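>>> one predicted model, sequence on top.
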Amino acid sequence: INAEFFFFFFSVFFPAMKFGHRLLSEINHAWGMSAYISYIQLKHLIKRITKARAELVPPQEPALVEEYFTFLEKEIEKASVFLKERVSELRKHPGYHAIDETALVTLYCETKALEHYRVLNSMSIFNLNKKIQKQSKDWPATIERSTHITEQAKQNILYTTELSDSLDSLVETYAQRFSTYSTDEARNLLEKIWKKDQRALPRVSSLQDSVFFRKSPLTQENKYRLRVITGTSNQLLAQEVCEVLHIDLEDATVGTFANGEINIKLHNNVRGDDVFIVHTTIGTKEHPQDVNKACMELLLLIHTLRLSSAKRITAVVPYMAYSRQDRKTEARVPISASAFAQMLLVMGVDRVMTVDLHCGQIQGFFGNTPVDNLYSSKEFVKYCKDTIQDMSNVCIVSPDAGGVERARLLADELQVHNVVTILKRRVAANQVDSMQIVGEVKGYVCIIIDDMIDTAGTLVKAANLLEEHGCVSVIACAAHGILTAPALERINNCNALTKVLVTDSVPQSDHLAGCHKLHVLTIAPLLAEAILRIHQESSLSELFKHSR
């Protein structure tokens, strides 16, 4: 036995054993020690072989190598016996006859253990021993051992296939039995299951279709998978949406080349899938101009998915860039909102979802492509009801004439009768010349509602004007907290403003550190429910039955 044999052992076997030890510690609760090869013992034998070689004791090397292969054969045989027993036990699983509270937990653990087993205990041994045969042509005994282990590994693969078929059959049986349950019965059962063991959540979510979206004249079942992907602009929101949906965020590389060009690569197959791109088009605190980079990322993500044969591509854009430039206000200026919409359409987007568009008519720029304009008002309503005791002393304020409808909807939700409008005259973008109040605010708690806060110039002037007219306090609500400098400084220095409520449609972690008045409400549940309803071809109007 020469040095090449040991080089191969340490370059190939050793990394696999290290991974095996970590794997065993992760899923020991599911199958226990009897399912897995003892990588710790194998690693110990490798160390003994290394020590014998270092101490120049050649007679011990062949004996230790023989001991290694003998132990490995016994471990594979032990795993084979275990797999055969699992196949037999699973076919007698109570889930084939009735659904109990632990059934989905067991099913999930079995599936997870099987996935990891296929990765390591069968395929790895099979592939590694094929390489040993190529590298050790001069050692007949080693080749014979490797061939025998390879045959055992092949048999284990057959057992895992049988186990996988049994698990698939069990999943199908669960789905059929859930279809016979009433919605309330199924919902109660699922709640018991996921409260009992959080490991069942992935399996519970896979059966929610048959519980919450049953076939009816208004709903229709589809067969393609739900996928969520994101760029770099608001990864935290995308991750939170996936957590609500109980799915994993798709693995993708979204970066830049050395010259600044955007580099995108999807790591999983999305052919025939229903893909949602959760991506807000906003810059960063350090680089506000990155709004254009965010827009380009969105366009290239759509293009990449179209080339990858995704079944349907929905752009979930919580904050849509250029939405304020929705018309020509003077000669020789672009309608940027229309231009951006046309770019999305050319890339091949099938549907667009956004939150609190600056102007509802922007939906017309997308032609025949559906646009879902969600409203974040419910999040503000819940917060206000929890924090304000007396709603009779509240008035809703629109900071401009264009936001009156938004203010009226919030007033209806809060059952507030007083709605006030502030008329303003702009001399330039982000510069207000004069403001005047239409309505009575003296003695009221004023809630200013707007779609976005950019430099906060208008907001601060409005709050000071309301204070001058005798209001008790001012709370500001805006779906999109862009908060471009010097917005935070202005808000902190404005004594009239007590709270500023925004959503996480735009990343707010940096803003929170610089403003104690800022409160962030999440729209992840809203987006997740809308995504799930679209995927199931169900109605979205239920989300806004109190807002319209």
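That came through fine.
>>> can you give me the strands in the stretch 251-400 of the chain?
Counting by DSSP state E, counting those that start in this stretch, the stretch 251-400 of the chain has strands at residues 252-256, 262-266, 274-278, 312-317, 351-355, 371-374, 394-398.
>>> present those strands as JSON lines; the columns should include mean neighbour count, mean pLDDT and distance to Leu236.
Where you see a C-beta, it was placed from the backbone N, CA and C, and this is true even at glycine. Below are the strands of the stretch 251-400 of the chain laid out as JSON lines (neighbours: other C-beta atoms under 10 Å; pLDDT from 0 to 100; distance: least, C-beta to C-beta, whole Å):
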{"stretch": "strand 252-256", "mean neighbour count": "14", "mean pLDDT": "92", "distance to Leu236": "15"}
{"stretch": "strand 262-266", "mean neighbour count": "15", "mean pLDDT": "94", "distance to Leu236": "20"}
{"stretch": "strand 274-278", "mean neighbour count": "26", "mean pLDDT": "96", "distance to Leu236": "10"}
{"stretch": "strand 312-317", "mean neighbour count": "24", "mean pLDDT": "97", "distance to Leu236": "14"}
{"stretch": "strand 351-355", "mean neighbour count": "21", "mean pLDDT": "96", "distance to Leu236": "16"}
{"stretch": "strand 371-374", "mean neighbour count": "19", "mean pLDDT": "93", "distance to Leu236": "19"}
{"stretch": "strand 394-398", "mean neighbour count": "25", "mean pLDDT": "94", "distance to Leu236": "30"}
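>>> which one of the ones you listed lies nearest to Ala496?
strand 394-398 (12.0 Å; C-beta to C-beta).
>>> show me what the host helix or strand of Lys84 is packed against.
Taking DSSP states H and E as the definition, one finds Lys84 inside helix 60-90. Helix 60-90 is packed against helix 39-54, helix 103-117, helix 140-178, with contacts defined by 3 or more C-beta pairs under 8 Å, 6 or more residues apart in numbering; DSSP states H and E.
>>> mean confidence for that helix?
Across helix 60-90, pLDDT averages out at 71.
>>> start the count at 36 instead of 1 going forward.
Got it, first residue is 36 now, which makes that one helix 95-125.
>>> where does the chain have low pLDDT?
The chain contains residues with pLDDT under 70 at 36-82, 84-85, 87-97, 103, 118, 121-122, 124-258, 319-324, 460-468, 579-583.
>>> quick one: Cys277 and Asp283 touch, right?
Yes - the criterion here is C-beta atoms under 8 Å, and Cys277 meets it with Asp283 at 6.4 Å.
>>> from Ser373, how far out is Pro560?
For Pro560, the distance to Ser373 equals 32 Å [C-beta to C-beta, to the nearest Å].
>>> of these two, give the one with the bigger neighbour count.
Using other C-beta atoms under 10 Å, the more surrounded residue of Pro560 and Ser373 is Ser373, with 17 against 14.
>>> the more buried one and Phe400 touch, don't they?
Yes - between Ser373 and Phe400 there is a contact at 4.5 Å, judged by C-beta under 8 Å.
>>> residues contacting stretch 368-382, please?
330, 333-334, 337-338, 341, 350, 355-363, 387, 394, 397, 400-402, 404 (C-beta atoms under 8 Å, 6 or more residues apart in numbering).
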